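> Below are the sequence and a predicted model for it; my questions follow.
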Amino acid sequence: MRAPSRGASLLAAAALGCSAGAASPAAPGGLALEPVASGLSAPLYLTAPPGDTTRLFVVEQGGRVRIVAHGRLLAAPFLDLTARVSAGGERGLLSLAFHPDFAANGYVCVDYTDTNGDTRVERYTVSGDPDVADPASRKPILFVPQPYPNHNGGLVRFGPDGKLYIGLGDGGSGGDPENRAQNPDSLLGKLLRLDVDAGDPYAIPPDNPFARGGGAPEVWALGLRNPWRFAFDRASGLLYIADVGQDAWEEVDVAPAARSGANYGWRLMEGAHCYHPDPCSPAGLVPPALEYSHAEGCAVVGGAVYRGTRYPALAGQYFYADLCGGWVRSFTYANGAVTGETRWTLDAPLAAPLSFGEDARGELYVLSGAGTVYHLAPR
C-alpha cells in the first residue's frame, strides 16, 4: 500500500518542521541570501507590476497582500482577503498576477481557497491610492470545487501571449484516487488558459486543445499532481513547471510554452517512473526535464529562469528549491535537455523555502517559511 500523499504537502510539511534532507555537494561559488523584508506571515509569492521598479508585492497565506516599497514593508496591506480565505495546511491566498496593462486598467488577479476550501480566481482593481486595491471591485473569474484540502496548485500568471494561466493540483488526497489529472473533462490536475480580455468573465482561446470538444475547454495542459509554481522564460519561449511528487520523486517539466495539450504524466508516472498502473506506457507523455528522489528532499519549489541584468553569469539558469531540503539549485536547458546543473552553497540557512519571486527587473527572490524575503545574489 502506498503512503498517503507524502511529499505533497508543501505548507503542511513546513508547519511540521520538516528540516534538512541529504546535503548538497559544494558548488563553485555560492549564493548570498540578502534580507529584503521580515516579519511576514507565511509569504507564498512575490511579484511586481510591469515596469514598477520600486515596489514588491508579497502574498501572505492568511489572505493579505503586502507591499515592500523602497526597501520598507508598508504597514497597510494592498489587499486584505482574510475574511474570504481559509488558510492552513496547503490552503490560503496562494498568488496574484498583475494584468499586462495594469498601468492603464489597474487589474490584478488572485487565486485563493475560500472558506469552504474551494478554489476561486478573482479580479480586483487598484483604488485611487496606488498602494491599495479596491475591495469592492471584486469580479469573480473562476470557481473550482476542491474535493480534498490539499493539492490546490494556486498560481495565476499572465503568459507572454497575454492569456491568464492557472495551475491546479489533482484535487488532493493521495495517488489521485479519482484519476482527475488524466481526465480531460476535469479542471483539476491541469494548467488552464483563459482569455480574460475577450469575454465576461473570460473567453476560451480558440487554440486551446479542447476548445472544440473532447475535454474542458479551459484546459491547456494535463497530467499534473500539484504544480507548485510554473514560469515562462521570455527569452527561450519555454514553460517550466515544478510538480510535487507522491512517494519518491520530485520533478521539473520543461516544454515550449506554445505547445497545446501537453500531458505531463501524473498519475501514470511519478517523475520518470511508472506509478499507476505499473508497468505503464510513457508514450505520448512529456518526460521530466529533471527529477530528484526523496533522499534529497520532500517537495519541489519552482522558481524562474534568471533574466535580470545585475548578474550576467546567472542568465538562462532556472532556479528551484526544496521545502524540506532547504537548498537552492539551478540548471540550464537547451535543445530539449538539461545542459548544466549547479547545487549552490548558501551563506546562511534557508528555513523552509516556500516560493520564489521575480521583480520588474527580472531579479530573483526566495521566500522563507520563517517570514523573510531574500534577494538572491551570487557571491
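Perfect, I can see it now.
> Check the secondary structure at residue 313 for me.
When states are read from DSSP: H, G, I helix; E, B strand; the rest coil, the local structure at residue 313 comes out as helix.
> tell me the contacts of it?
Shown here is residue 313, whose contacts under the criterion Cβ atoms under 8 Å, 6 or more residues apart in numbering are residue 378. Yep, even glycine has a C-beta here, placed from its N, CA and C like the rest.
> Tell me the predicted confidence for it.
We note a pLDDT of 94 for residue 313 in this prediction.
> ditto for residue 1
Residue-level confidence at residue 1 comes out at 31, pLDDT.
> repeat for residue 20
pLDDT recorded at residue 20 is 38.
> and what of residue 24?
Residue 24 is assigned 41 on the pLDDT scale.
> So that it lines up with my notes, have the first residue be 22 from now on.
From this message on, residue numbering opens at 22, which makes the last subject residue 45.
> tell me the pLDDT at the spatially most central residue of the chain?
In the chain, the centroid-proximal residue (Cα atoms, centre = their mean) is residue 250; its distance is 1.5 Å. Per-residue pLDDT puts residue 250 at 98.
> can you check the one 5 residues further on too?
Here, the pLDDT recorded for residue 255 equals 93.
> list the contacts for it?
Taking Cβ under 8 Å, 6+ apart as the contact definition, residue 255 lies against 181, 328.
> Mind giving me the packing neighbours of the helix or strand hosting the residue nearest to the centre of the chain?
When secondary structure is defined using DSSP states H and E, the element that contains residue 250 is strand 248-254. Using 3 or more Cβ pairs under 8 Å, 6 or more residues apart in numbering; DSSP states H and E as the contact definition, the elements that strand 248-254 packs against are strand 177-179, strand 185-188, strand 259-264, strand 321-326, strand 374-379.
> so where's this protein shaky on pLDDT?
Of all residues in the chain, those with pLDDT under 70 make up the ranges 22-50.
> I'd say residue 208 and residue 241 touch.
No - taking contact to mean Cβ atoms under 8 Å, the distance of 10.9 Å between residue 208 and residue 241 leaves them out of contact.
> what about the nearest residue to residue 123 once chain neighbours are set aside, how many residues close to it?
The shortest distance from residue 123 to any residue that is not its chain neighbour, by Cβ to Cβ, 6 or more residues apart in numbering, is 4.6 Å, and that residue is residue 70. Under the neighbour criterion other Cβ atoms under 10 Å, residue 70 is assigned a count of 19.
> which residues in the stretch 72-221 of the chain form helices?
Taking DSSP state H, counting those that start in this stretch as the test, the helices found in the stretch 72-221 of the chain are 123-126.
> what do you get for the stretch 222-371 of the chain?
In chain order, the stretch 222-371 of the chain shows no helices, with DSSP H, counting those that start in this stretch as the criterion.
> what are the ranges of the strands in it?
Per DSSP state E, counting those that start in this stretch, the stretch 222-371 of the chain has strands spanning 240-243, 248-254, 259-264, 270-277, 290-291, 294-295, 311-314, 321-326, 339-343, 349-355, 358-364, 366-367. These are given in chain order.
> export these to a markdown table and tack on distance to residue 224?
Shown next, in a markdown table, are the strands of the stretch 222-371 of the chain (distance: least, Cβ to Cβ, whole Å):
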| stretch | distance to residue 224 |
| --- | --- |
| strand 240-243 | 14 |
| strand 248-254 | 21 |
| strand 259-264 | 21 |
| strand 270-277 | 23 |
| strand 290-291 | 33 |
| strand 294-295 | 38 |
| strand 311-314 | 35 |
| strand 321-326 | 28 |
| strand 339-343 | 31 |
| strand 349-355 | 32 |
| strand 358-364 | 36 |
| strand 366-367 | 45 |
